[in-house]
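S.K.: Next come a sequence and a model predicted from it.
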Amino acid sequence: MQVRFKLNGRAIAEEAEPNETLLDFLRERLNLTSVKKGCDEGDCGACTILLNGKPVRSCLLLAVQMREGNEVTTVEGLAKRGELSEIQEAFLEKYGFQCGFCTPGMILMTKALLDENPRPTVAEIKDQFEGNLCRCTGYAQIIDSVLRAAELRASRQ
Amino acid sequence: MEAEVRPLPKMDYVAPSSLKEALNLLKKYKGKARLLAGGTDLIPKMKKRMAMAEVVIDLNRISGFSGIKLRKDGLHIGGLTRLAEIMQSPLIKEKAPALAQAISVMASPPIRNRATMVGNLCTASPAADTAPPLLVLNASVKIQNAQGERMVPLSGFFRGPEETVRKPDEILTEVILPLEEGKSAFLKLGRRKAFTLSVVSAAAFARIRGGKFEEVRVALGAVAPTPIRGRKVEETLRGSEVNEQNIAQAAECIKEEVKPITDVRASEEYRREMSCVLTRRVLEQVCWRGKNAGTI
């Protein structure tokens, strides 16, 4: 079946099998390997993408469910003209990653949070990240990174 | 043992654009099709081969199938309405706070952005967190097939773990909450605040007049084969004075009504004790507006 949607601002038209998850479609057909396959059952958060600006699990969606008018964002779509987004910068500055496997999901969760709530409290950050697991357990640095990203965003507006 | 997660099996996919078309497809495939709403339950189950389908009927392209509307007979919640939308709805927060509280401690934000409340009900887990609030709010569900529709009170919807009165050719299209004066609240006991299955969950509704319970309803999750109403507790309290002693005494009755099991999350004994504690606390919250709505 042909699948058409917008991915990181670019129109996509590709074939997909009915039993192919959006996660596998993004990784295997489009080589977007920032989208990680962790548990593959919706628990870990490594495969998080933004669908029309909202975080969802790409392992729980079928590629064929995507349609024109849908906009998917992955980490590959965040840098603009070769410059990292403030969220990516903040994660680098505050060491918001160790092995890096959970990082793309964490960064997209941060974007979804800050787009709705530009200055979140620590409690609100924790609520947002309930379902994103970091097996290196570097949560303190991740929270610092989100707070720093909010600062950077505010200072640039 | 948890079943292994594997790639999805071969299947066909159809995405009807109207409810009528979906109902006709369901009739055509006679039990060989599964309905896809949020997919947060069906997809993992299919990956683990715990659910099988030759055809997946995707309901997500049906327009007008989601949303919350206030009508004369109550709040109508469309079959495809996502948990996040219900939780954030000012109408739900005002008229059915117990439901908004329950959803706020379910799963995680990305799951709530996709998962539907009707999916939570149709999956019929004994621990479904939307069930206790909907039970105390006297919700009904509208069930349709290609021939027509029927209304079922939620109290008669669940039959057992993962079993409901919905037949294979039917779709649960709407949840209706009657508007009734009173307050409601929800509490969940889990290993964490959210992103965890309930060990025990409890909801209560009460309307107090002249210091007495004019109407009171309680419901619990994860302590019986289906979510249950605490009818003995309700009977004991109805008409009685609102005070801590009466609530504590009535809450004891819940121990006779629950039929908990022992599993990895808790023992039968612990669940029975906690059923009583949560019943008492959720009633206290409804009566005196406690601060810690949502979790204990």
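M.R.: It's in.
S.K.: do you know how far residue A:45 is from residue A:55?
M.R.: 9 Å (Cβ to Cβ, to the nearest Å). Glycine gets a C-beta too; all of them are placed from N, C-alpha and C.
S.K.: Spit out the residues that contact these two alike.
M.R.: Residues within reach of residue A:45 and of residue A:55 at once, by Cβ atoms under 8 Å, 6 or more residues apart in numbering or on different chains, are A:109, B:110.
S.K.: how does chain A divide into domains?
M.R.: Here the domain assignment for chain A is A:2-77, A:86-155, based on automatic domain parsing.
S.K.: Need the distance between the two termini of the shortest one.
M.R.: Same thing as domain A:86-155. The first residue of domain A:86-155 is 10 Å away from its last residue (Cα to Cα, to the nearest Å).
S.K.: Please state the offset of it from the chain centre?
M.R.: Once both centres are worked out by Cα atoms, centre = their mean, to the nearest Å, domain A:86-155 turns out to sit 11 Å from its chain's centre.
S.K.: In what element of secondary structure is the most centrally placed residue in chain A found?
M.R.: Most central residue of chain A, judged by C-alpha distance to the mean C-alpha position with Cα atoms, centre = their mean, is residue A:108 at 3.0 Å. Counting by DSSP states H and E, the secondary-structure element that holds residue A:108 is helix A:103-116.
S.K.: cool, residue B:286 as well?
M.R.: Here residue B:286 is covered by helix B:268-288, with elements defined by DSSP H and E.
S.K.: who's in contact with whichever residue of the stretch 51-200 of chain B sits closest to chain A?
M.R.: As assessed by Cβ to the nearest Cβ, chain A sits closest to residue B:108 within the stretch 51-200 of chain B, at 2.2 Å. By Cβ under 8 Å, 6+ apart, the residues touching residue B:108 are A:45, A:130, A:131, A:132, B:194, B:195.
S.K.: For residue 2, give me its contacts.
M.R.: No chain was given, so I picked chain A. Applying Cβ under 8 Å, 6+ apart as the definition, the contact partners of residue A:2 turn out to be A:13, A:14, A:15, A:16.
S.K.: wait, chain B
M.R.: With contacts defined as Cβ under 8 Å, 6+ apart, residue B:2 is in contact with residue B:48.
S.K.: Would you tell me which residues of the stretch 51-200 of chain B are close to chain A?
M.R.: With Cβ under 8 Å from any Cβ of the partner chain as the criterion, the stretch 51-200 of chain B meets chain A at residues B:56, B:58, B:60-61, B:84, B:107-111, B:113-114, B:193-195.
S.K.: Which members of the residues you listed occur in strands, if any?
M.R.: Using DSSP state E, the members of these that fall within strands are B:56, B:58.
S.K.: Farthest-apart pair in the residues of the stretch 51-200 of chain B next to chain A, please.
M.R.: Based on Cβ to Cβ, the longest span within those runs between B:61 and B:193 and measures 34.9 Å.
S.K.: which residues are contacting stretch B:128-140?
M.R.: So stretch B:128-140 is in contact with B:83, B:96, B:98-99, B:101-103, B:105-106, B:117, B:120-121, B:151-155, B:158, B:175-178, B:180, B:184, B:186, B:188, B:198, B:201-205, B:217-221, B:227-229, going by Cβ under 8 Å, 6+ apart.
S.K.: And the residue of chain A that's closest to chain B?
M.R.: Counting by Cβ to the nearest Cβ, chain A gets nearest to chain B through residue A:131 (2.2 Å).
S.K.: distance of that residue from residue B:102?
M.R.: Look at residue A:131 and residue B:102: by Cβ to Cβ, they are 17 Å apart.
S.K.: For those two, indicate the residue with more neighbours.
M.R.: It is residue B:102, of residue A:131 and residue B:102, that has more neighbours when counted by other Cβ atoms under 10 Å in any protein chain shown, with 33 against 22.
S.K.: The stretch 151-296 of chain B: helices as residue ranges?
M.R.: Under the criterion DSSP state H, counting those that start in this stretch, helices of the stretch 151-296 of chain B are mapped to B:231-237, B:244-252, B:254-257, B:268-288.
S.K.: which other residues reach the third one?
M.R.: Counting by Cβ under 8 Å, 6+ apart, helix B:254-257 makes contact with B:218, B:220, B:224, B:228, B:230-233, B:272-273, B:275-276, B:279, all of which sit outside it.
S.K.: Perfect, I'm done here.
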